[in-house]
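A.B. asks: please find the sequence and the predicted model below.
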Amino acid sequence: MIVPDFIPQPYSKSIAKGSFTWSSPSNIALVKYWGKKQDQIPENPSISFTLNNCKTTTTVHFSKKENDGDYSFEVFLDGEKKDDFKPKIKTFFKRVEAYLPFLKDYHFKIETENTFPHSSGIASSASGMSALALCLMSIEKELIESVSEENFIQKASFLARLGSGSACRSLEGDLVVWGKHDKIKGSSDLFGLKYPYEVHQDFENYEDTILLVDKGEKQVSSTVGHNLMHGHPFAVERFKQANKNLSEMIAILKEGNLDGFIALVESEALTLHSMMMTSMPYFILMKPNTLEIINKIWAYRKSSDSKVCFTLDAGANVHVLYPAREKDAVLEFIKDELVAYCQNGQYINDIIGFGAKQS
Ligand code: PMV
């Protein structure tokens, strides 16, 4: 599927070389995306908090070459050449070439680094793909007459989606919707949209402490997991439920309904994992310590008036979400009761952020 809106007019300018740097954060979904159609089109809409501290910084150096019909690029992570990253980037280039017709006219040196440890089990695909998409958009901006800020971000999100679906939700913040939803004006399957409605102040500066339960490689990649939703016995109901949950989230966010938020977000996390457990082949990404942490959070909430809750992405790590005013108390609870379940006692304190930045 080619989307004509994102194909540029023939380039009017030329540039021999240069470099651009962007930092882009990770994001954590509240209503989850799990299941996609052809061309990275989501089966259901999702909404996420953009993170602040977990981010990827990428510099793309570019220099003009003869167009010999192939891509030319090299990739470095923390200064070290990473040839094993190349196939993923080549696939990305192939998918976006129709929208960035300069890709074969330049040699690229891509230098990237993450603020979080490489094998922390935190997916770097959302932050990494969005940072790369932004660098490529900055190059395109040099080749055309003018581009509005809105079109720039929208096309960067469109491109990032073609790299890794959830990456399209990392460009802006603090809440981003991806996927067409009847009640959210401007929402699209093609790119992320900064959440356009009122959000209660209780959700400002929301905290996310990420407990690193298992830092190993995932046994099942999200690509395989998404594909297992094709023909999944509960898929149709799940996609309907995600739409309904997103409708409910609009009122929850507006009213500051923290109890409603907890119920919806935790249910979404467990539903995501139950889709994995009920697919064929079935698989489990949670670890025993994931469940220990969930039970401790429930017990803590029962014994206090805390509004702390958890969510999960496609792995064993636990994202602990809580309002800013509870920061001291929840951090103490985490140190006293949850750190023992983290691999090497590791966790990352993050907070809701506002998206990518150029440097
Ligand atoms: O963007 P992908 O293909 O890695 O999929 C990510 C899916 C989840 O993180 C599990 C959920 C989500 O909406 O981010």
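C.D. replies: Cool, the structure landed. Residues are numbered from 1 along each chain as shown.
A.B. asks: and the stretch 1-150 of the chain, which residues reach the ligand?
C.D. replies: Within the stretch 1-150 of the chain, the residues that sit near the ligand (C-beta under 6 Å from any ligand atom) are 29, 32-34, 46, 123, 125. Glycine gets a C-beta too; all of them are placed from N, C-alpha and C.
A.B. asks: test my guess that residue 165 contacts residue 33.
C.D. replies: Yes. Using C-beta atoms under 8 Å, residue 165 is in contact with residue 33, at 6.0 Å.
A.B. asks: can you tell me the closest non-neighbouring residue to residue 205?
C.D. replies: Excluding the flanking residues, the one nearest residue 205 by C-beta to C-beta, 6 or more residues apart in numbering is residue 324, at 4.1 Å.
A.B. asks: who touches that neighbour in this structure?
C.D. replies: By C-beta atoms under 8 Å, 6 or more residues apart in numbering, the contact list for residue 324 reads 204-207, 351.
A.B. asks: so where's the stretch 51-200 of the chain uncertain?
C.D. replies: Along the stretch 51-200 of the chain, the model assigns pLDDT under 70 to residues 119-121.
A.B. asks: C-terminal to the one helix or strand residue 265 maps to, what's the next element?
C.D. replies: If you go by DSSP states H and E, residue 265 is part of helix 258-277. Sequence order places helix 288-302 as the next helix or strand after helix 258-277, per DSSP H and E.
A.B. asks: ok, now which ones touch residue 165?
C.D. replies: 33, 36, 40, 42, 178, 226.
A.B. asks: hmm, back to that, what's the closest of the residues of the stretch 1-150 of the chain next to the ligand to residue 266?
C.D. replies: The closest of these to residue 266 turns out to be residue 32 (C-beta to C-beta; 11.7 Å).
A.B. asks: grab the nearest non-local neighbour of that closest one.
C.D. replies: The shortest distance from residue 32 to any non-neighbouring residue, by C-beta to C-beta, 6+ apart, is to residue 272 (4.6 Å).
A.B. asks: before we move on, what about residue 109?
C.D. replies: Residue nearest to residue 109 in three dimensions, not counting chain neighbours: residue 61, with 4.2 Å by C-beta to C-beta, 6+ apart.
A.B. asks: what's the first-to-last distance across stretch 30-38?
C.D. replies: With C-alpha to C-alpha, to the nearest Å as the measure, the first residue of stretch 30-38 is 24 Å from its last.
A.B. asks: am I right that residue 55 falls within a helix?
C.D. replies: No. Using DSSP: H, G, I helix; E, B strand; the rest coil, the assignment for residue 55 is strand, not a helix.
A.B. asks: phi, psi for the closest residue to it other than its chain neighbours please.
C.D. replies: Of all residues not flanking residue 55 in the chain, residue 25 sits nearest, at 4.3 Å (C-beta to C-beta, 6+ apart). Torsion angles at residue 25 (phi, psi; degrees, to the nearest 10) stand at phi -90, psi 170.
A.B. asks: burial of residue 25, as a residue count?
C.D. replies: By the criterion of other C-beta atoms under 10 Å, residue 25 has 27 neighbours.
A.B. asks: shouldn't it be in contact with residue 352?
C.D. replies: No. Residue 25 lies out of contact with residue 352 (C-beta under 8 Å); the separation is 9.7 Å.
A.B. asks: overlap in contacts of these two?
C.D. replies: Common neighbours of residue 25 and residue 352 (C-beta under 8 Å, 6+ apart) are 50-52, 173.
A.B. asks: out of those residues, which are buried?
C.D. replies: For the shared contacts of residue 25 and residue 352, a burial check counting by 16 or more other C-beta atoms under 10 Å picks out 50-52, 173.
A.B. asks: helices along the protein, start to end?
C.D. replies: Using DSSP state H, the helices of the chain run over residues 86-96, 125-143, 149-163, 222-227, 235-255, 258-277, 288-302, 327-333.
A.B. asks: against which helices or strands is the last one packed?
C.D. replies: Helices and strands in packing contact with helix 327-333 are listed as strand 207-211; criterion 3 or more C-beta pairs under 8 Å, 6 or more residues apart in numbering; DSSP states H and E.
A.B. asks: list the contacts of the closest residue to residue 164 other than its chain neighbours.
C.D. replies: In space, and not counting its chain neighbours, residue 164 is closest to residue 125: 3.8 Å by C-beta to C-beta, 6+ apart. Residues near residue 125 by C-beta under 8 Å, 6+ apart: 163-164, 166-167, 222.
A.B. asks: check those residues against the ligand, which are close?
C.D. replies: Residues of the contacts of residue 125 in contact with the ligand (C-beta under 6 Å from any ligand atom): 164, 166, 222.
A.B. asks: which residues touch the first one?
C.D. replies: Residue 164 makes contacts with 123, 125-126, 128-129, as judged by C-beta under 8 Å, 6+ apart.
A.B. asks: what's the local residue count around residue 236?
C.D. replies: By the criterion of other C-beta under 10 Å, residue 236 has 10 neighbours.
A.B. asks: against residue 243, how distant is it?
C.D. replies: Distance, residue 236 to residue 243, using C-beta to C-beta, to the nearest Å: 11 Å.
A.B. asks: go on, residue 123?
C.D. replies: Applying C-beta to C-beta to residue 123 and residue 243 gives a distance of 24 Å.
A.B. asks: out of those two, which sits in the more crowded spot?
C.D. replies: Using other C-beta under 10 Å as the criterion, residue 123 and residue 243 rank with residue 123 on top: 21 against 18.
A.B. asks: picking that back up, now distance to residue 316 too, for the helices of the chain, in JSON lines please.
C.D. replies: JSON lines is the format used below for those (distance: least, C-beta to C-beta, whole Å):
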{"stretch": "helix 86-96", "distance to residue 316": "23"}
{"stretch": "helix 125-143", "distance to residue 316": "17"}
{"stretch": "helix 149-163", "distance to residue 316": "24"}
{"stretch": "helix 222-227", "distance to residue 316": "14"}
{"stretch": "helix 235-255", "distance to residue 316": "21"}
{"stretch": "helix 258-277", "distance to residue 316": "10"}
{"stretch": "helix 288-302", "distance to residue 316": "5"}
{"stretch": "helix 327-333", "distance to residue 316": "20"}
